[in-house]
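Enquirer: Next one to model:
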Amino acid sequence: MQRCLSRQQETSGLNSFVTVLRHAAEKEAAVAGRHRVMKGPLHGIPIAVKDNFCTAGVRTTASSRMLANFVPPYSATAVSRLEASGAIVVGKTNMDEFGMGSATLFSHFGKTINPWSQAAEEGDKPRLAAGGSSGGSAVAVATGSALAALGSDTGGSVRQPAAFCGLVGLKPTYGRVSRHGLIAYASSLDCPGVLTRTVADAALVLDVVAGRDPLDSTCLEQPHRPCFDRTMEAAASSRAAGLAVSLRGLKVGIPAEFAIQELEGSAVTAWEEGARLLRDAGADVLPVSVPSIPLALPTYFVIACAEASSNLARYDGIRFGYRASRSLRASRSKEGIGSANTEEDDQRALHDFITASRSQGFGDEVQRRVISGCRVLSAQAYATYYEKALAARLRLRREMNTALSHVDVLLTPVTPTGPFPLTTPAEPAALMVNDVMTVPASLAGLPAIAVPVDLAPSSFVPGLPVPVGLQLIGRHLCEQQLLIVARALEVRCNFSERIPDYVVKATFT
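Expert: Numbers count the residues shown, from 1 in each chain. The predicted structure follows:
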């Protein structure tokens, strides 16, 4: 615990935490150390929590001015289950505001810096983005400030920062983990996820947080089958034991539609090498086709923005959220509202107050997406955009399930490029391309995992090595099988031996 808390202080310049719980964590660690009986499989393990999960009595902001002073009276189900298993929450991590972003650039509390760029800080070399929207969670684990972190994945927000920071990022099947207490962005896509150093760590944390929850109507009724079983435990015990696990009989699909023009050479090389390593492990590697993949990104943004506009409508400065600097009472007093003025004047003043509260409380990216969502839900655009997006999502889901009826998992890149400089202009359309590999699994509600496989020279900072990850997408509710394949890939890539000294290798399984 002390090592993690020290790392928090040493790496505070990376801006991975919004709220640090040092004293509470030290107190809990002391109590945990005195317990003769372990509370659960995560007893005493320091864990970071993304700041869009409610934590009772601890400020929860979603990295937004709108919720800068919000202290929830209850904890999210996923957080409660972590704490019940003995985990100790060491802090709340930075993120893109309300989860809307792909680089942790759009936070009220500032940008988060990728620890892999620490070697590039000399001279004019730029610092790199950590990915997003769970960038703070990724950096917390990558620096050893926590041994695991809770994140949320709407369109790749766990997997993309995991790839950028050289970590494992797991998005389970939609509904496998309760969303109760997760501040909503896009309700049909939001999915709690896990960031860890190893596949085995991810399996263990998933086993703790997964399962039915009566407080979440979208949570699945099917019981969760433990992923950290004897097979996984044996495979995680040593590299030799991991290499001994055969994938004979398993089929791995390579979807041709992921070979897009924007894909960097290092990502192509890693993809080809990953396929070769899985073939060496005994798997059959086959080409597959998911024709609707090119429609995934626009489909995702239409649906996500539409749902965001609905979910964020509750923040009006009256019932909930940030209030504009000029109070409604002062406004009424100055303008004489409620006395000689008309009801129309009252309505106009109320409208102006709500507009000011939302304009001041939401950042630019959130405002862009909310406005876009309102547009696609309007009477003029509903059939043209929203209904067509829903139809495209259904088509994509059917095609992915068809592909997975012929193979057990799909192997793809995680991102088209490696981590880019924080100085890169934050053009919304350009940043959206980073989600092109991850949104298909989100739209289909399928489990997916990012695994670090290699180091490659940065295409943005000459001579700087950065991580490259691959994504595995599994069948609905088949996290156990997905994690077995991920562990086989992980052990054969042996990425942990390539991590430089300035990035921590801490694990707990």
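
Enquirer: Not counting sequence-adjacent ones, nearest residue to residue 407?
Expert: Nearest-residue entry for residue 407: residue 253, 3.6 Å, with adjacent residues in sequence omitted and distances by C-beta to C-beta, 6 or more residues apart in numbering. Where C-beta positions appear, they are placed from N, C-alpha and C, glycine not excepted.

Enquirer: what's across from the one you found in the sheet?
Expert: Beta-bridge partners recorded for residue 253 (DSSP bridges): residue 286, residue 410.

Enquirer: To what extent is it buried, counted in neighbours?
Expert: 23 (other C-beta atoms under 10 Å).

Enquirer: Quick check: it touching residue 405?
Expert: No - judged on C-beta atoms under 8 Å, residue 253 makes no contact with residue 405 at a distance of 10.3 Å.

Enquirer: which helices and strands sit right next to the host helix or strand of residue 170?
Expert: Following DSSP states H and E, one finds residue 170 within strand 168-171. Applying 3 or more C-beta pairs under 8 Å, 6 or more residues apart in numbering; DSSP states H and E, we find strand 168-171 packed against strand 148-153, helix 159-165, strand 191-196, helix 199-209, strand 448-457, helix 479-493.

Enquirer: at 7 Å what do you get?
Expert: Contacts defined by 3 or more C-beta pairs under 7 Å, 6 or more residues apart in numbering; DSSP states H and E place strand 168-171 against helix 159-165, strand 191-196, helix 199-209, strand 448-457.

Enquirer: Could you dump these into CSV with mean pLDDT, distance to residue 401 and mean neighbour count added?
Expert: Formatted as CSV, the helices and strands packed on strand 168-171 follow (pLDDT from 0 to 100; distance: least, C-beta to C-beta, whole Å; neighbours: other C-beta atoms under 10 Å):
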stretch, mean pLDDT, distance to residue 401, mean neighbour count
helix 159-165, 98, 20, 34
strand 191-196, 99, 17, 30
helix 199-209, 98, 22, 27
strand 448-457, 97, 14, 25
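
Enquirer: hmm, back to that, the strand holding residue 170 pairs with which strands, and in what direction?
Expert: By DSSP bridges, strand 168-171 pairs with strand 191-196 (antiparallel), strand 448-457 (antiparallel).

Enquirer: got CSV for these, with distance to residue 281 too?
Expert: Compiled in CSV, the strands paired with strand 168-171 are given as follows (distance: least, C-beta to C-beta, whole Å):
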stretch, distance to residue 281
strand 191-196, 21
strand 448-457, 13
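
Enquirer: Relative to residue 7, which of those strands is closest?
Expert: strand 191-196 (15.4 Å; C-beta to C-beta).

Enquirer: Check the offset of the closest one from the chain's centre.
Expert: Averaged C-alpha coordinates place strand 191-196 at 6 Å from its chain's average position (C-alpha atoms, centre = their mean, to the nearest Å).

Enquirer: now do stretch 101-108
Expert: 12 Å.

Enquirer: Go ahead and confirm residue 311 touches residue 183.
Expert: No - the pair residue 311 / residue 183 is not scored as a contact, 8.6 Å apart, by C-beta atoms under 7 Å.

Enquirer: neighbour count winner among those two?
Expert: Here residue 311 and residue 183 are compared on neighbour count by other C-beta under 10 Å; more neighbours surround residue 183, at 24 against 18.

Enquirer: ok, the more buried one - contacts?
Expert: Residues near residue 183 by C-beta atoms under 7 Å, 6 or more residues apart in numbering: 52, 62, 98.

Enquirer: what's the spacing between it and residue 472?
Expert: Distance of residue 183 to residue 472, given as C-beta to C-beta, to the nearest Å: 28 Å.

Enquirer: now swap in residue 269 and tell me
Expert: 18 Å.

Enquirer: Residue 508 too?
Expert: 22 Å.

Enquirer: got a pLDDT number for the residue nearest to residue 162 when sequence neighbours are not counted?
Expert: Spatial nearest neighbour of residue 162, excluding adjacent residues (C-beta to C-beta, 6+ apart): residue 169 at 2.7 Å. Residue 169 is assigned a predicted lDDT (pLDDT) of 99.

Enquirer: what about residue 470, helix or strand, and which?
Expert: strand 465-474.

Enquirer: Counting by contacts, list what that strand packs against.
Expert: helix 159-165, helix 265-280, strand 409-413, strand 448-457, helix 479-493.

Enquirer: Just want the angle from the fourth one to strand 409-413.
Expert: Interaxial angle of strand 448-457 relative to strand 409-413 (axes from the mean of the first three to the mean of the last three C-alpha atoms, to 10 degrees): 30 degrees.

Enquirer: can you dump the C-alpha coordinates of strand 448-457 into CSV?
Expert: Extracted C-alpha coordinates of strand 448-457, given in CSV (Å, rounded to 0.1, in the frame of the first residue of the first chain):
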residue,chain,number,x,y,z
ALA,A,448,-13.6,-7.6,-25.6
ILE,A,449,-10.1,-7.2,-24.2
ALA,A,450,-7.0,-5.2,-25.1
VAL,A,451,-3.7,-7.0,-24.5
PRO,A,452,-0.3,-5.3,-24.8
VAL,A,453,1.9,-7.2,-27.3
ASP,A,454,4.8,-5.2,-28.4
LEU,A,455,6.8,-1.9,-28.3
ALA,A,456,7.2,0.1,-31.5
PRO,A,457,8.8,3.5,-32.3
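
Enquirer: That one relative to strand 148-153, how many degrees between them?
Expert: 110 degrees.

Enquirer: what's the offset of strand 448-457 from the middle of its chain?
Expert: 16 Å.

Enquirer: Same check on the longest one?
Expert: How far helix 265-280 lies from its chain's middle: 24 Å, per C-alpha atoms, centre = their mean.

Enquirer: Just the buried residues of it, please?
Expert: 266, 267, 270, 271, 273, 274, 275, 277, 278 (16 or more other C-beta atoms under 10 Å).

Enquirer: And that helix, what does it pack against?
Expert: Counting by 3+ C-beta pairs under 7 Å, 6+ apart, helix 265-280 packs on strand 284-288, strand 409-413, strand 448-457, strand 465-474, helix 479-493.

Enquirer: The same query, at a cut-off of 10 Å, please.
Expert: strand 251-255, strand 284-288, strand 409-413, strand 448-457, strand 465-474, helix 479-493 (3 or more C-beta pairs under 10 Å, 6 or more residues apart in numbering; DSSP states H and E).

Enquirer: circling back: and the helices and strands packed on strand 465-474: which comes nearest residue 305?
Expert: Closest among those, using C-beta to C-beta: helix 159-165, at 18.4 Å.

Enquirer: so what does that closest one touch, helix or strand wise?
Expert: Looks like helix 159-165 contacts helix 135-142, strand 148-153, strand 168-171, strand 191-196, strand 448-457, strand 465-474 (3+ C-beta pairs under 10 Å, 6+ apart).

Enquirer: how about 6 Å then?
Expert: In terms of contacts (3 or more C-beta pairs under 6 Å, 6 or more residues apart in numbering; DSSP states H and E), helix 159-165 is packed against helix 135-142, strand 448-457.

Enquirer: Turn these into TSV, including distance to residue 441.
Expert: What follows is those, written out as TSV (distance: least, C-beta to C-beta, whole Å):
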stretch	distance to residue 441
helix 135-142	18
strand 448-457	4
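
Enquirer: domain ranges for this protein?
Expert: 2-292+410-498, 295-390 (automatic domain parsing).

Enquirer: Lowest average confidence across those domains, which one?
Expert: domain 295-390 (a mean of 88).

Enquirer: buried residues in stretch 391-401?
Expert: Per 16+ other C-beta under 10 Å, stretch 391-401 contains these buried residues: 392, 393, 396, 397, 399, 400.
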